[in-house]
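# Provide a 3D model corresponding to the input given below.
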Amino acid sequence: MIKRIQENRKLSIFILVILAVFLIISVTFGRYVYNVVHNYIIESKGFYFNSSVLKMNGKSYSINNWDGVNSYTFTIDVNNRKNDEVYTTSDITYDIYVECASSVQCTLSKENGTIYQDTHTDSYTITVTPRQTFEAGDTVTISTRVISNFPYRKQMSANYRLGVQKANFSYSIEDAVGEKFCTLNLTNSIGYYDCNGTETTVQEYERLTDQQKAQCYSAIIVLSFNPNDVLLDMTSNTYHNKLSTDFHEATIGANKYVDKYSFKVDPNSNTKVIFYKTDINANYTYNGVNGETPIINVVATTPA
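As a prediction, this is how the structure comes out:
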């Protein structure tokens, strides 16, 4: 009798587990079907609210190039296009939300936005700032969503899994549609100079002569880019302190433009280089996500 009760209990538990799994799958699938049908209905009315990164049923991304020290910025775009020829013929207003772990602070560039019918696009940024010390391998999750509230309601979302990688050198590009320039951020995490094969502290380096300093480096950066896409801000300190090696100019029409040059960066430094865009409707944001290719090629030579 006891054995039969135990067997019935196991069977009951098994059935409950199966029912629970079925219920979860049913709810998830039901939500997916509802979203697909809802989107079909509002698009049939000429309403298009889309994004290259946010999706109606959500999408997940994994990024593993954060140094865990500096702030990290995501740029999120939204648009009113079905394709290159079909657009929503009214302005779209929408609200913006972000959620993240307590170990970081997430700041939105704005809490609501408008896609104007004649500009077709809009964007916002999320800046992630560490509240604690992170080690290599640590991760934080950032969730963002947008909800249109006029002329129709539609929600899109995405999750970002931001991983810490203590690399010697990393870089990113900040940009957005409508911006006249993009900013290349270079982070050198090496804390010393290499002087003819000898590890030299910053304090020791400062005591060297100019001739001796010329034989030292912490990181040497080579930038190459197409002047048809981006033009170097010639007031940049990196350009004024450029090395004689790896320098090249491209001839476009009757003019010459820098398309490659090299320079040194200091230990534990963050360097910004500004490039003017030839097309302000382009978005050259680069965070090393999903194998994307940056508009500016960066090669770093470090002693470690």
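
# domains in this protein, as residue ranges please.
Using automatic domain parsing, the domains assigned to the chain come out as 1-44, 60-164, 169-301.

# Lowest average confidence across those, which one?
Of all the domains of the chain, domain 1-44 carries the lowest average pLDDT, namely a mean of 55.

# residues in contact with the residue nearest to Y257 when sequence neighbours are not counted?
Take Y257 and drop its neighbours on the chain: the residue closest to it by C-beta to C-beta, 6 or more residues apart in numbering is P227, 3.8 Å away. (Glycine included, C-beta is placed from N, CA and C.) Counting by C-beta atoms under 8 Å, 6 or more residues apart in numbering, P227 touches A250, I252, Y257, V258, D259.

# List the ones among those that fall in strands.
Among the contacts of P227, the members found in strands (DSSP state E) are A250, I252, Y257, V258, D259.

# Select from these the one having the most neighbours.
The most crowded member of the ones in strands among the contacts of P227, judged by other C-beta atoms under 10 Å, is D259 (20 neighbours).

# Would you mind measuring from that residue to Y72?
According to C-beta to C-beta, to the nearest Å, D259 stands 29 Å off from Y72.

# Just send the ones in strands among the contacts of P227 back as JSON lines, with distance to E135 too.
Compiled in JSON lines, the ones in strands among the contacts of P227 are given as follows (distance: C-beta to C-beta, whole Å):
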{"residue": "A250", "distance to E135": "43"}
{"residue": "I252", "distance to E135": "47"}
{"residue": "Y257", "distance to E135": "43"}
{"residue": "V258", "distance to E135": "39"}
{"residue": "D259", "distance to E135": "39"}
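
# now, the most widely separated pair of those?
Farthest pair in the ones in strands among the contacts of P227 (C-beta to C-beta) is I252 and V258. Separation: 11.4 Å.

# give me the number of residues near T121?
18.

# hey, what's it bridged with?
Under DSSP bridges, the beta-bridge partners of T121 are N79.

# Please verify my assumption that S103 contacts P130.
Yes: if you go by C-beta atoms under 8 Å, S103 and P130 touch, sitting 7.2 Å apart.

# Those two: which is more packed in?
P130 (19 against 13).

# Not including adjacent chain positions, what is the nearest residue to that one?
With C-beta to C-beta, 6+ apart, the residue lying closest to P130 is V104, at 5.6 Å.

# show me what contacts the one you found?
V104 touches V128, T129, P130, R131, V140, I142, counting by C-beta under 8 Å, 6+ apart.

# Can you get me a residue count around the fourth one?
R131 is flanked by 10 other residues according to other C-beta under 10 Å.

# who touches it in this structure?
For R131, the contacting residues are S102, S103, V104, Q105, by C-beta under 8 Å, 6+ apart.

# So for the helix or strand hosting the last one, what gets flagged as buried?
Yep, that's Q105 we're talking about. Applying DSSP states H and E as the criterion places Q105 in strand 104-108. Residues of strand 104-108 classed as buried: V104, C106 (neighbour count, 16 or more other C-beta atoms under 10 Å).

# Could you export it as CSV, CA atoms only?
Coordinates of each C-alpha in strand 104-108 appear next as CSV, following Å, rounded to 0.1, in the frame of the first residue of the first chain:
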residue,chain,number,x,y,z
VAL,A,104,26.4,49.5,-12.1
GLN,A,105,24.6,52.7,-12.7
CYS,A,106,22.7,52.9,-16.0
THR,A,107,21.9,56.4,-17.3
LEU,A,108,19.7,57.2,-20.3
